[in-house]
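# structure for this input, please:
(chains A and B)
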2 protein chains.
Amino acid sequence: MSQVMQKNQQVKMVRHGEFLSTAASLIPKTHSKVLQPKSVINVVADSLAVHGWRSELVDDAASFLKQAFQPGDSFILDFGTHGVGWLTFCCDSAGSPPDAPAHLRFTFGETLCEVAEPFSSYQGWLSSSWLQQHDEYIDLLPSTTTLSRRYCCRYLKVDVIALSPKYQILMNNMTFTTVSSAPESCLPFKTHDPALQKIDEVSVLTLRNCMQEVFEDGPKRDRRLWLGDLRLQALVNDVTFAQHDLVRRCLYLFAGHRREDGMVSASIFVKPDIIADDTFLFDYSLFFIDVLHNYLLATNDVSTAKELWPVALRQVELALNRCDHIGLVNDCDDWWSFIDWHDDLNKQGPSQGVLIYCIEKAIELAKICQPKLCDQLQNQLNRHKLAANELWDNELGFYVSGKQRQVSCATQIWMVLADVGDLAHQKKIMENLLLFPPAIGMNTPYLRHHFIAALLKTGLRMQAVEEIKAYWGKMVEYGADTFWELFDPERPDFSPYGSKIINSYCHAWSCTPAWFIRQYGL
Amino acid sequence: MSQVMQKNQQVKMVRHGEFLSTAASLIPKTHSKVLQPKSVINVVADSLAVHGWRSELVDDAASFLKQAFQPGDSFILDFGTHGVGWLTFCCDSAGSPPDAPAHLRFTFGETLCEVAEPFSSYQGWLSSSWLQQHDEYIDLLPSTTTLSRRYCCRYLKVDVIALSPKYQILMNNMTFTTVSSAPESCLPFKTHDPALQKIDEVSVLTLRNCMQEVFEDGPKRDRRLWLGDLRLQALVNDVTFAQHDLVRRCLYLFAGHRREDGMVSASIFVKPDIIADDTFLFDYSLFFIDVLHNYLLATNDVSTAKELWPVALRQVELALNRCDHIGLVNDCDDWWSFIDWHDDLNKQGPSQGVLIYCIEKAIELAKICQPKLCDQLQNQLNRHKLAANELWDNELGFYVSGKQRQVSCATQIWMVLADVGDLAHQKKIMENLLLFPPAIGMNTPYLRHHFIAALLKTGLRMQAVEEIKAYWGKMVEYGADTFWELFDPERPDFSPYGSKIINSYCHAWSCTPAWFIRQYGL
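Numbers count the residues shown, from 1 in each chain, chains lettered A, B, ... in the order given. So this is what the prediction gives:
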């Protein structure tokens, strides 16, 4: 997920101390690994390469870093893989005693474009403070410095900005200590399809690098817990690292700071204090139910399910307030529901699907936590499914959304996932979607995930594999070490933020192929 | 003093552990004081103001800092006086929870020009790493940050580079913790001349802010111990803070790491290790004798004098090696002797003066430390004084220097200080100097000091006071809180480094008016 959607600072929030204590007791331990730079590269403009840049090997890093550098020198280190962590470098001087500070600039890139294009030219609308750069002034040499911020990179550009004419600088010991709350290895998985094997591998690294003190959405940007991302991360975690306590921690975090009416926020900040963001999204809040249900399935931890059940149930109640007299979700034009990063997407149809989908999960939870509520919830489910039929356009063969009766991929996908209509009907919709893709398509890997899920739900297994390969496989072809926040194979430079260098290139909601591949044995 | 003069990295250096241990035992304690910003100012271009800038009051700092700031906001704080120390600031957010790091830029200025002129346009030849700037990226809010480097400023410019649209930033607690190894107050001094009183005050602050773990030349740049500066600082220290142990420490530092032939370096680095610079200057090395002699006079610490006497004597012996058969210092074109920052200055004449001056001090030390050497040293003294007469040009009424028989202020000044000729002769020279100033004038406050000393030595007390007021008094008029490294009343923008923003504006060698005023009761 990302940022800047709502400003609701007047909303009253309530803290739930016991939930927050439980969350605090579940802070995971950190697994560290020290990476050495592998090689030194040049970036070369190449209109055929993704983002317009390709790399060219200059030297292996160990040999290259034996030299003494002077002002104006600049080089790009390649650590060989994507990592999240802390940079440490030892500097010494060559020549006369250093009689002026050394001014070095470090630029961190998940991808080549971030070390190739100057940050000074950034004109996007997300804060430039996310661009990973640091100027270090070293007063004492020799010295060892660990930069105080965590960075996220595969590439590191070093610019020697200023020394004095009396000395040169040596930087022969540069390490990047990567961190994750997931261990280095996960549940093994083998497939005979090398493309899927590689996609699985990249998915797993994406998830691992997002697993820190919480499931972060992107370790470069925004570095925080979003409910929509958590839901997908938890799925992949189930079949890879199985760090269920981290999912549990995140559930308690969302439960621990809520709007006074009980609504869970879309996102949580954990430092310096636990604070729920003032962004509230219809779909994200409902997904609390799904994450809790999935956690229960994975762990059989009934006590947690029961403790958090009232929070989950409250999300259903609040969502129902947004429905009209027949049970159709009211339409609205702002950021009330996420679904996809798409300016023109009408959210009513897909949100109807999300509501139904989540009531179904609520029923499953109620069976364990509050069985006498099952009938009432089942009635709700039936009512909202029935209402969904109002959105069906028989002539088009698609569901429509909003007053303008918009046909979008998102609406079809969510109606299928909500299990509206019988399986034949659902399969037909998905086949139509493949044959006649609506103008309002899919912008994010997040919606792509639901697309694949709907294909698999309707038995379109081969098509699902094809789509995974065409989409995530294309990122692998482009050299992705981790899956990207945003990717459109037709427009690989696309950024909803106005600049590709601010995009996150290791993003939680893109890590789900590993779940499909492993869960469905693709 | 300053930098980039010699590169002699091949020179073999010798460490003297006992001397270094003594130096280490004398590390002074630090006196801290927390400054609050007094006001917020604008800088306004003004061709009549020094450096082309004047300040305009915007608001008092406490009121101004109550507001929340957004990207693009920029303001200049005025701490009301010059200080050396550490910046601490507390930041908090206003609005929604901060969902992106805050990127702030801090620019420290001893003078207005440093906060008015962008560092990016700096084209001088000293390292731009001396320009005092720091970019801070704050990931967590609220938070308290103390920048890790020591800065030197009266003015602090704060630029809010980037936040997110969801929040603003508060910076309502900003402090600058100043440090010095001198206490806050010094020996009191009162004169009825308010101009001299103010000059004394500025001198004392200049000295105090240079007094750190050693006597630094400039706390902004180069932040280290130079022998030539130490000599002047020790004089002023005698009549103000009387921190004689700091002088003693510095003497042991110079004695502790020397060239293998025993020559003391012009400058010492103290961190991370004690290392003598590979710059060696004829005059600076000789001044070790003068500093030791002056220390003995101030403290009567015979044991230190005796322990360091061999080091002092060695400087005489090495200097004599640079003399010809009649005892005249050999001329040379490079940075072998400092005297003044002046590209065209021939150093032979003034260096002859320095040699004689220092042999005289050596004789005084020998009387205590090695009396049987006195006669031999006296013979040397006579010989070199006699040789100095070779440089006298009766027709010009001035001493000349070098093959080109250059007439410079420096030569006259040093011949007078060396006590060459009788007092009437010396006085005549100084009068000539005032009436017919040679084309090769005085560039630094450092040479000005010797000029004033020569005026006072020859009884030209009124003229000395006039010159002090015309020179240091002019800096005070220009608003100096501390005296500048470089100042030419005719060209107040002058920098030998190609840019006034790299000049040091609190510089040890400029602090000596307090000594003249107090020692001579001006």
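# is the helix or strand that contains A:Thr177 in proximity to chain B?
Using DSSP states H and E, A:Thr177 maps to strand A:167-180. No. Using Cβ under 8 Å from any Cβ of the partner chain, strand A:167-180 never reaches chain B; the gap is at least 8.8 Å. (C-beta placed from N, C-alpha, C; glycine too.)
# now do the strands in the stretch 101-250 of chain A.
A:102-109, A:133-138, A:143-146, A:151-162, A:167-180, A:225-226 (DSSP state E, counting those that start in this stretch).
# any stretches of chain A with poor pLDDT?
Low-confidence segments of chain A (pLDDT under 70): A:1-5.
# before we move on, back to that, which one of the strands of the stretch 101-250 of chain A lies closest to B:Asp200?
strand A:133-138 (34.8 Å; Cβ to Cβ).
# what sits up against that closest one?
A:91, A:101-108, A:119, A:145, A:147, A:149, A:161, B:129, B:133-135, B:137, B:149 (Cβ atoms under 8 Å, 6 or more residues apart in numbering or on different chains).
# torsion angles phi and psi at the residue of chain A positioned farthest from its centre?
Distance from the centre of chain A peaks at A:Ser96, with 49.3 Å (Cα atoms, centre = their mean). Torsion angles at A:Ser96 (phi, psi; degrees, to the nearest 10) stand at phi -70, psi 170.
# give me the phi and psi for the closest residue to chain B within the stretch 301-450 of chain A.
At 12.5 Å from chain B, A:Trp335 is the closest residue in the stretch 301-450 of chain A, using Cβ to the nearest Cβ. Dihedral angles of A:Trp335 (phi, psi; degrees, to the nearest 10) stand at phi -80, psi 50.
# quick check: it touching A:Leu281?
Yes. Judged on Cβ atoms under 8 Å, A:Trp335 makes contact with A:Leu281 at a distance of 7.1 Å.
# of these two, which one has the most company?
A:Leu281 (26 against 15; other Cβ atoms under 10 Å in any protein chain shown).
# OK, contacts around the nearest residue to the more buried one once chain neighbours are set aside?
Nearest non-adjacent residue to A:Leu281, counting by Cβ to Cβ, 6 or more residues apart in numbering or on different chains: A:Ala266, 4.5 Å away. Shown in contact with A:Ala266 (Cβ under 8 Å, 6+ apart): A:1, A:5, A:226-228, A:277, A:279-281, A:284-285, A:338.
# A:Asp340 now?
With Cβ under 8 Å, 6+ apart, A:Asp340 has these contacts: A:350, A:410, A:442-444, A:446-447.
# make it 7 Å
Applying Cβ atoms under 7 Å, 6 or more residues apart in numbering or on different chains to A:Asp340 gives the contacts A:410, A:442-444, A:446-447.
# how about the strands in the stretch 351-500 of chain A?
A:392-393, A:398-399.
# turn the ones you listed into a markdown table, including distance to B:Val202.
Formatted as a markdown table, these follow (distance: least, Cβ to Cβ, whole Å):
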| stretch | distance to B:Val202 |
| --- | --- |
| strand A:392-393 | 85 |
| strand A:398-399 | 81 |
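# on that earlier part again, how about the contacts of A:Ala266 in JSON lines, adding secondary structure and distance to A:Val270?
Formatted as JSON lines, the contacts of A:Ala266 follow (DSSP: H, G, I helix; E, B strand; the rest coil; distance: Cβ to Cβ, whole Å):
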{"residue": "A:Met1", "secondary structure": "coil", "distance to A:Val270": "15"}
{"residue": "A:Met5", "secondary structure": "coil", "distance to A:Val270": "19"}
{"residue": "A:Trp226", "secondary structure": "strand", "distance to A:Val270": "12"}
{"residue": "A:Leu227", "secondary structure": "helix", "distance to A:Val270": "14"}
{"residue": "A:Gly228", "secondary structure": "helix", "distance to A:Val270": "17"}
{"residue": "A:Asp277", "secondary structure": "coil", "distance to A:Val270": "11"}
{"residue": "A:Thr279", "secondary structure": "coil", "distance to A:Val270": "16"}
{"residue": "A:Phe280", "secondary structure": "coil", "distance to A:Val270": "18"}
{"residue": "A:Leu281", "secondary structure": "coil", "distance to A:Val270": "19"}
{"residue": "A:Tyr284", "secondary structure": "helix", "distance to A:Val270": "17"}
{"residue": "A:Ser285", "secondary structure": "helix", "distance to A:Val270": "19"}
{"residue": "A:Phe338", "secondary structure": "coil", "distance to A:Val270": "21"}
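# and chain A, which of its residues are near chain B?
By Cβ under 7 Å from any Cβ of the partner chain, the residues of chain A that approach chain B are A:3-4, A:7, A:9, A:95-97, A:99-103, A:127-130, A:135, A:137, A:139-140, A:142-143, A:149, A:162-166, A:222, A:269, A:271-272, A:275, A:277-278.
# just the buried ones from those?
A:3-4, A:95-97, A:99-103, A:127-130, A:137, A:139, A:162-166, A:222, A:269, A:275, A:277-278 (16 or more other Cβ atoms under 10 Å in any protein chain shown).
# surely A:Ser499 and A:Tyr122 touch.
Yes. Between A:Ser499 and A:Tyr122 there is a contact under Cβ atoms under 7 Å: 5.6 Å.
# one step back: now the residue nearest to A:Leu281: how far from chain B?
11 Å (Cβ to the nearest Cβ, to the nearest Å).
# roughly how far does that residue sit from A:Leu355?
16 Å (Cβ to Cβ, to the nearest Å).
# that older thread, tell me which residues of the strand holding A:Thr177 come out buried.
If you call a residue buried by 16+ other Cβ under 10 Å, then strand A:167-180 has these buried ones: A:167-171, A:174-180.
# closest to B:Val14 among those?
The closest of the buried residues of strand A:167-180, once distances to B:Val14 are taken by Cβ to Cβ, is A:Tyr167, at 21.3 Å.
# re the thing from before, need the contact list for the closest residue to the residue farthest from the centre of chain A other than its chain neighbours.
In this structure, A:Ser96 finds its nearest non-sequential neighbour in A:Lys166, 4.0 Å apart by Cβ to Cβ, 6+ apart. A:Lys166 makes contacts with A:95-96, A:99, B:4, B:7, as judged by Cβ under 7 Å, 6+ apart.
# farthest-apart pair in the residues you listed, please.
Maximum distance among those (Cβ to Cβ): 11.8 Å, for A:Gly95 and B:Val4.
# check chain A for its longest helix and report it.
When chain A is parsed with DSSP state H, its longest helix is helix A:348-369.
# need the helices for the stretch 401-522 of chain A, in chain order.
A:409-417, A:423-435, A:445-457, A:461-477, A:513-519 (DSSP state H, counting those that start in this stretch).
# quick one, which of the ones you listed is nearest to A:Tyr295?
Using Cβ to Cβ, these put helix A:513-519 closest to A:Tyr295, at 14.7 Å.
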